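Peer 1: Structure for the following, please:
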Amino acid sequence: MKLDDLESQGLIERVEPNLGNVKRALERAQRGLQREFLESLKRKREIYSKDMALKSSSFLYHKKGHR
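Peer 2: Numbering: from 1, shown residues only. Have a look, this model is predicted:
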């Protein structure tokens, strides 16, 4: 069955896309992706800073001659 057949039977209605709605949906998705990306960077930075803090404290501990 073709779309024209379904339309002629009244089963479906052809609708032109509303560009305003499409644009808003794209903007919402983009903001969500940006927020997700920034949160992942923040998590990576926290993990990196904790890792560096552990490395520097263990380095200082060994540097003082403690074993």
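Peer 1: quick one: the helices in this structure?
Peer 2: 3-8, 19-63 (DSSP state H).
Peer 1: Could you save these as a markdown table and add columns showing mean neighbour count and mean pLDDT?
Peer 2: All C-beta spots, glycine's among them, are computed from the backbone N, C-alpha and C. Output for the helices of the chain, formatted as a markdown table (neighbours: other C-beta atoms under 10 Å; pLDDT from 0 to 100):
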| stretch | mean neighbour count | mean pLDDT |
| --- | --- | --- |
| helix 3-8 | 11 | 84 |
| helix 19-63 | 10 | 85 |
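Peer 1: how close does residue 17 sit to residue 23?
Peer 2: According to C-beta to C-beta, to the nearest Å, residue 17 and residue 23 sit 10 Å apart.
Peer 1: How about residue 35?
Peer 2: Taken as C-beta to C-beta, the span from residue 35 to residue 23 is 19 Å.
Peer 1: go on, residue 32?
Peer 2: Distance of residue 32 to residue 23, given as C-beta to C-beta: 15 Å.
Peer 1: and residue 17, backbone torsions?
Peer 2: phi -70, psi 140 (degrees, to the nearest 10).
Peer 1: give me the number of residues near it?
Peer 2: When neighbours are counted by other C-beta atoms under 10 Å, residue 17 registers 7.
Peer 1: And for residue 13?
Peer 2: 7.
Peer 1: And the pLDDT for residue 16?
Peer 2: Listed pLDDT for residue 16 reads 75.
Peer 1: List phi and psi for it.
Peer 2: Here residue 16 shows phi and psi, under degrees, to the nearest 10, equal to phi -80, psi 140.
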